[in-house]
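Enquirer: my questions are about this predicted structure, shown below with the sequence.
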2 protein chains.
Amino acid sequence: MNYFSGHMSELIEQLATLPGIGSKTAQRLAFHIVSLPEEKVEKLSKTLVETRKNVRYCAECFTLTDSERCPICSDAKRDHSTIMVVETTRDLAAYERTGKYDGVYHVLHGAISPMLGIGPDDIRLKELMQRLNGDVQEVIIATNSTLEGETTAMYISRLIRPTGIRVTRIANGVPVGGDLENIDEVTLLRALEGRTTL
Amino acid sequence: MNYFSGHMSELIEQLATLPGIGSKTAQRLAFHIVSLPEEKVEKLSKTLVETRKNVRYCAECFTLTDSERCPICSDAKRDHSTIMVVETTRDLAAYERTGKYDGVYHVLHGAISPMLGIGPDDIRLKELMQRLNGDVQEVIIATNSTLEGETTAMYISRLIRPTGIRVTRIANGVPVGGDLENIDEVTLLRALEGRTTL
């Protein structure tokens, strides 16, 4: 790639290491970047380093945050006796967008996956158990509905059951707006099992 | 998006301004970036600014380069009497990859497009005309085979013809490996018109 300048090649190479960015996209991004005003590039460059330096895990729920404890954990108005367990900060954001959940969270940063060699010690499970003091009344397991997510949910529920704390799992079912004929059998059966009285 | 930290939101916002990066991709990139080793992020950040600062246009052919003149223009072994006119540095790179062209280039940085309001003065056309001194014997127009590229080719050829310099256009035809039945009629007719004796 020495048809471009050395700097360009270096930039393209580094951009191409990011997830989902192939060499063509990296090229397009690099050409866009050299066409931007210098101060805009400096701002982006600074934001990258500042974000990496300042973002850390909340000491309580392990979501990504700028301070010792995240805004949700430091909010006295939230119900600290209900903990929703999610795989990633993005899942937390998804539930926060609903605006209807007023408990707190616990971010595992992954899910148990024997296939990928990820065991219970590789995710923030120990830290979850340490939070289960006398005040916690319910743990809602909201891991993904994948093989790994289900395995993790099962594992956590077995771990917590002896403590007597209520453990629940978010429902499987037909997505709102979903067409029954396009939905797989397993989901349809789960929706039937989980039916509620009207 | 204040479910994430302020720094994260800021980074996501800035990444999402890049071409082809939507808010979901920006999120994924931002989460990847905070998971990288600090020195890797610092390196990327530095490369961004350095590239933007040091990359400039070659004084002769206007490709992107690190020095006053690009490696191709400063190469005495290249044939400086043949100039290939391309729309972008990426097109130059495409021809360089063939390894068979030994002339020099001229990068227009765009094409004439009345639709988008891009006229002859908005691309590096004046600079091309200034290069057409006594030594230049052929100008090969290798703009894209699009409406804009063809318009530009036509415009340039009319501009150069009075100087007596030979003006050529790269051939239209069936791509190598191309299946005739999948190729549009215009290309098929161009391939017929451009047939060569075996």
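Expert: Received the coordinates, thanks.
Enquirer: any idea how far the residue nearest in space to the middle of chain A lies from residue A:150?
Expert: Against the mean C-alpha coordinate of chain A, by CA atoms, centre = their mean, the closest residue is residue A:88 at 1.5 Å. To residue A:150, residue A:88 is 16 Å away according to CB to CB, to the nearest Å. All C-beta atoms are positioned from the backbone trio N, CA, C, and that covers glycine.
Enquirer: picking that back up, contacting residues for the residue nearest to the centre of chain A?
Expert: A:107, A:108, A:109, A:110, B:31 (CB atoms under 8 Å, 6 or more residues apart in numbering or on different chains).
Enquirer: from residue B:91, how far off is it?
Expert: 41 Å.
Enquirer: same question for residue A:90.
Expert: 39 Å.
Enquirer: related to what we said a few turns ago, got a pLDDT number for the residue nearest to the centre of chain A?
Expert: For residue A:88, the pLDDT comes out at 90.
Enquirer: from the contacts of residue A:88, which land in helices?
Expert: Of the positions in the contacts of residue A:88, residue B:31 sit in helices, assigned by DSSP state H.
Enquirer: can you pick out the most distant pair from the contacts of residue A:88?
Expert: A:108 and B:31 (14.4 Å; CB to CB).
Enquirer: looking at the two, which is more packed in?
Expert: Ranked by neighbour count (other CB atoms under 10 Å in any protein chain shown), residue A:108 and residue B:31 place residue A:108 first, with 24 against 19.
Enquirer: now do the more buried one against chain B, distance only.
Expert: Residue A:108 sits 14 Å away from chain B, going by CB to the nearest CB, to the nearest Å.
Enquirer: please apply the same query to residue A:100.
Expert: For residue A:100, the distance to chain B - CB to the nearest CB - is 14 Å.
Enquirer: which stretches of chain A form strands?
Expert: Assigned by DSSP state E, chain A shows strands spanning A:56-57, A:64-65, A:79-86, A:103-107, A:138-141, A:166-169.
Enquirer: listing partners with orientation, what would you give for the longest one?
Expert: Sheet pairing of strand A:79-86 (DSSP bridges) gives strand A:103-107 (parallel), strand A:138-141 (parallel).
Enquirer: of the ones you listed, which stretch is the most buried?
Expert: Mean neighbours per residue, mean count of other CB atoms under 10 Å in any protein chain shown, is largest over the strands paired with strand A:79-86 for strand A:103-107, with a mean of 24.
Enquirer: so what sits opposite residue A:64 in the bridge?
Expert: In beta-bridge terms (that is, DSSP bridges), residue A:64 pairs with residue A:57.
Enquirer: show me the helices in chain A, by range?
Expert: A:6-15, A:23-35, A:38-54, A:89-98, A:125-131, A:147-160, A:185-193.
Enquirer: distance to chain B for those - can I get that in CSV?
Expert: Formatted as CSV, the helices of chain A follow (distance: least, CB to the nearest CB, whole Å):
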stretch, distance to chain B
helix A:6-15, 4
helix A:23-35, 5
helix A:38-54, 4
helix A:89-98, 4
helix A:125-131, 18
helix A:147-160, 18
helix A:185-193, 24
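Enquirer: so which of those helices is nearest residue B:168?
Expert: helix A:23-35 (27.3 Å).
Enquirer: what is that closest one packed up against?
Expert: helix A:6-15, helix B:38-54, helix B:89-98 (3 or more CB pairs under 8 Å, 6 or more residues apart in numbering or on different chains; DSSP states H and E).
Enquirer: pick the most deeply packed of these.
Expert: Counting by mean count of other CB under 10 Å, the most buried of the helices and strands packed on helix A:23-35 turns out to be helix A:6-15, with a mean of 20.
Enquirer: now the angle between helix A:23-35 and that one, please.
Expert: Interaxial angle of helix A:6-15 relative to helix A:23-35 (axes from the mean of the first three to the mean of the last three CA atoms, to 10 degrees): 130 degrees.
Enquirer: dump the contacts of residue A:88 to CSV, plus pLDDT and distance to residue B:136.
Expert: Below are those laid out as CSV (pLDDT from 0 to 100; distance: CB to CB, whole Å):
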residue, pLDDT, distance to residue B:136
A:107, 95, 64
A:108, 96, 66
A:109, 93, 62
A:110, 92, 62
B:31, 89, 53
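Enquirer: not counting residues beside it along the chain, what's closest to residue A:168?
Expert: residue A:140 (5.1 Å; CB to CB, 6 or more residues apart in numbering or on different chains).
Enquirer: wait, what's in contact with residue A:163?
Expert: residue A:132.
Enquirer: please report how far it lies from residue B:171.
Expert: 77 Å.
Enquirer: residue A:30 now?
Expert: 30 Å.
Enquirer: which of these two has more residues huddled nearby?
Expert: Using other CB under 10 Å as the criterion, residue A:30 and residue B:171 rank with residue A:30 on top: 27 against 11.
Enquirer: got the confidence number for the more buried one?
Expert: 92.
Enquirer: my guess is it meets residue A:11, correct?
Expert: Yes - here residue A:30 reaches residue A:11: they are 4.7 Å apart, a contact under CB atoms under 8 Å.
Enquirer: which neighbours do these two share?
Expert: Counting by CB under 8 Å, 6+ apart, the residues touching both residue A:30 and residue A:11 are residue B:51.
Enquirer: among the strands paired with strand A:79-86, which comes closest to residue B:52?
Expert: Nearest of the strands paired with strand A:79-86 (CB to CB): strand A:103-107, 35.6 Å.
Enquirer: can you dump the C-alpha atoms of that closest one in PDB for me?
Expert: The C-alpha trace of strand A:103-107 is given here as PDB (Å, rounded to 0.1, in the frame of the first residue of the first chain):
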ATOM      1  CA  GLY A 103     -33.900  -1.200  40.100                       C
ATOM      2  CA  VAL A 104     -30.100  -1.400  39.800                       C
ATOM      3  CA  TYR A 105     -27.900  -3.600  37.500                       C
ATOM      4  CA  HIS A 106     -25.000  -5.900  37.500                       C
ATOM      5  CA  VAL A 107     -22.900  -6.200  34.300                       C
END
